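> how would this look folded up:
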Amino acid sequence: MPQPSSRETEHEIEVSAPAEAVYELIADVRNWPRVFPPTIYVDRLEHDDRQERIRIWATAGGEPKNWTSRRTLDRAALRVDFRQEVSTPPVAAMGGAWVIEARGGSGSRVRLLHDYRAIDDDPEGLAWIDEAVDRNSRSELAALKTNVERAAAASERTFSFEDSVSVAGSARDVYDFLNEADRWPERLPHVSSVRLTEDSPGLQTLEMDTRARDGSTHTTVSHRVCLPHSRIAYKQVTLPKLLALHTGYWEVRPAGATPGDGPLTVTSQHTVVLETANIAAVLGEDATVEDARAYVHGALSANSRATLGHAKAYAEQLHQPHGAER
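Here you go, the predicted model:
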C-alpha cells in the first residue's frame, strides 16, 4: 500500500483497437522511443516472459531524466505493473500500472495508474512531479491511441535504414569522435555549428545547424544517451519540416567474435516517420509519399555516411603505429 504521503493518480483513454493489440504495444518497450514522445531510449537489462528490468531515458518537465524500473507483465490480465528501482530527484519513489480493458466491439479502455513520493515530502518537488506525471501521462496515452488506431496508415510513413563502415581502429577512438559532437563543426563539413550540453554524464542535449545538399541550413535539437564505448542513441525533439519523428543510434561493435581493437563495424541507424502534411510545401505539389521517403532517406544517409567516413579516418589515423608513414 502507498505511504500516507504518497500521491495516487489515474489517467485513461478510449482506443478504437482490440485490447490485445494495445497490450502488445505497451509490453514491448523496445519501440517506445517512436511511440511515446517523452521517451528517448530504453535499454532492456534483464527480461523473460513475465519479468523485466529496464533503464529508461525520457524527458520530464522538459528536462532529460533517466531511471531504472522493474516490470511485471501479465498477458492474461492485460496488465503491466512497473516500479522504479532507481528514481531521479525530486522523485523518491514511483510505481504504477498499465491496465487495458476490452470494450464493446473492437474498442478498449487504457488506464495508466501512478503512485509516487517526493524526496523529503518537499511540496515544490511534489508539485513538479504532479505536473510531469500529468503531462507525460496525457502525452503517452494520446500517442498510444494514435499509434494503435493509425497503424496501417503509419506503415506507409514509417521506415528504418542503416549505413555501416568497417574500421581498423579502436572502439574508444570511434566512440570519442561520435560522442564529442561539440567538435563536429571543425571535423564535419556538413555541420556549421553546435550547442552541446551534458548536465549529467552520458545524457546530452545537442542543438545542431546542418547544411543540406541544396546549400540551405536547418536546425535540429536531439537528446542523446551515450553508452561508452558501444552505442549513442538519440531522439530528435526539434525536427525538419518533412519529419514527424526521428530516432536512431550510432553503434560500434567488433566485426568478429572477439572484442578488442578492430576490425570494427560502425553503424548509423535511423527510424523516421514522415510529416505528410508538409510534403507539398517542401517538395512541390506533385510530390508523393514515395518521393518524400527517397528525399529523406538520401539526405539522412548522406550525412551519416559522411560522419562515418570521418570517424573512420580519425580512428584509423590514431591507430597507426608511431612513426608509420602518413
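
> what about His229, which SS state?
Secondary structure, DSSP: H, G, I helix; E, B strand; the rest coil: His229 is coil.

> please name the nearest non-neighbouring residue to it.
Nearest non-adjacent residue to His229, counting by Cβ to Cβ, 6 or more residues apart in numbering: Tyr175, 3.9 Å away. Quick note: C-beta positions are derived from backbone N, CA and C, even for glycine.

> SS state for that neighbour?
helix.

> name the SS class of the residue nearest to the spatial centre of the chain, please.
Central residue of the chain (Cα atoms, centre = their mean): Ile40, 3.1 Å from the mean position. Following three-state DSSP, we place Ile40 in the strand state.

> residue boundaries of the helices in the stretch 51-200 of the chain?
For the stretch 51-200 of the chain, the helices defined by DSSP state H, counting those that start in this stretch cover 123-149, 151-157, 171-179, 184-187.

> mind putting those into a markdown table with mean neighbour count and distance to Arg7?
What follows is these, written out as a markdown table (neighbours: other Cβ atoms under 10 Å; distance: least, Cβ to Cβ, whole Å):
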| stretch | mean neighbour count | distance to Arg7 |
| --- | --- | --- |
| helix 123-149 | 17 | 7 |
| helix 151-157 | 12 | 34 |
| helix 171-179 | 21 | 38 |
| helix 184-187 | 15 | 43 |
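
> if you average pLDDT over each of those, which is lowest?
Mean pLDDT values for those show the minimum at helix 151-157, a mean of 69.

> got the domain ranges for this protein?
The chain resolves into domains spanning 7-149, 154-319 when parsed by automatic domain parsing.

> burial count for Val15?
23 (other Cβ atoms under 10 Å).

> ok, now Glu251?
Applying other Cβ under 10 Å, I find that Glu251 has 20 neighbouring residues.

> nearest residue to it other than its sequence neighbours?
With sequence-adjacent residues excluded and distances taken as Cβ to Cβ, 6+ apart, Glu251 is closest to Thr267, at 4.6 Å.

> does the one you found touch Ser164 like I think?
Yes - with contact defined as Cβ atoms under 8 Å, Thr267 and Ser164 form a contacting pair (4.5 Å).

> contacting residues around Pro189?
For Pro189, the contacting residues are Arg211, Ala306, by Cβ atoms under 8 Å, 6 or more residues apart in numbering.

> next one: phi and psi at it?
phi -60, psi -30 (degrees, to the nearest 10).

> avg pLDDT for the biggest helix by length in the chain?
If you go by DSSP state H, the chain has its longest helix at helix 289-319. Helix 289-319 comes out with an average pLDDT of 96.
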